[in-house]
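Asker: here is my input; please provide its structure:
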Amino acid sequence: MRLRAATVEDAAAIAGIYAPYVTESVVSFETTPPDASEMRARIDGGGDLYPWIVAIGPEGKVAGYAYAAAFRPRAAYRYAVETSVYVERAAQRRGLGRKLYEALLQRLEAQGYAQAIASISLPNDASVRLHEALGFAVAGVYRQVGYKMGGWHDVGLWQRALAPATDPPAEPKRLSEIA
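Answerer: Residues are numbered from 1 along each chain as shown. As a prediction, the model looks like this:
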């Protein structure tokens, strides 16, 4: 597998990987899978601050992706990011999610972000194991905040420091500054 920065040309493949997580599980709280156009907007919306990474399989197809997004819209949160990773079913349980996440975390560290936050719908033992193996720790649980597939679901928050807290913190670097 080869990792590289995602481009808007990867949007259809990313949408295809993500769709089953939306339609067949409670891993995502979206109820309608975003199409390629919406994924293109999300990738583009990351701009030069929030990385998207794809894994390209031997056949040249996107097999998984990881990305970071703003944690919250208010300015004081700009030092934290929310992170996610998704892998196509055929490539699951082979370490690809970990490779994608490690690459994403390295980029975020180089950019100088302070904290990474992951939201995990519960139960999801595989995702919890992955995050904890990468240094995330439980930060809390929102109880019964999502209703999907006929039931209420909790969301756990996992948090990982990316850089030491400084006072004042440096502004996160743009991806173009660390390339």
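Asker: what's the helix or strand Ala13 falls within packed up against?
Answerer: If you go by DSSP states H and E, Ala13 is part of helix 11-23. With contacts taken as 3 or more Cβ pairs under 8 Å, 6 or more residues apart in numbering; DSSP states H and E, helix 11-23 sits against helix 36-45, strand 62-70, strand 80-87. All C-beta spots, glycine's among them, are computed from the backbone N, C-alpha and C.
Asker: which among those is found nearest to Pro169?
Answerer: strand 80-87 (10.4 Å; Cβ to Cβ).
Asker: show me what that closest one is in contact with.
Answerer: Taking contacts as Cβ atoms under 8 Å, 6 or more residues apart in numbering, the residues outside strand 80-87 that touch it are 14, 17-18, 21, 50, 55, 63-72, 96-97, 100-101, 104-105, 108, 113-119, 130.
Asker: narrow these to those that are buried.
Answerer: 14, 17-18, 21, 50, 55, 63-69, 71, 96-97, 100-101, 104-105, 108, 113-119, 130 (16 or more other Cβ atoms under 10 Å).
Asker: on that earlier part again, tabulate the helices and strands packed on helix 11-23 (JSON lines), appending mean pLDDT and distance to Asp10.
Answerer: Shown next, in JSON lines, are the helices and strands packed on helix 11-23 (pLDDT from 0 to 100; distance: least, Cβ to Cβ, whole Å):
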{"stretch": "helix 36-45", "mean pLDDT": "98", "distance to Asp10": "7"}
{"stretch": "strand 62-70", "mean pLDDT": "98", "distance to Asp10": "5"}
{"stretch": "strand 80-87", "mean pLDDT": "98", "distance to Asp10": "12"}
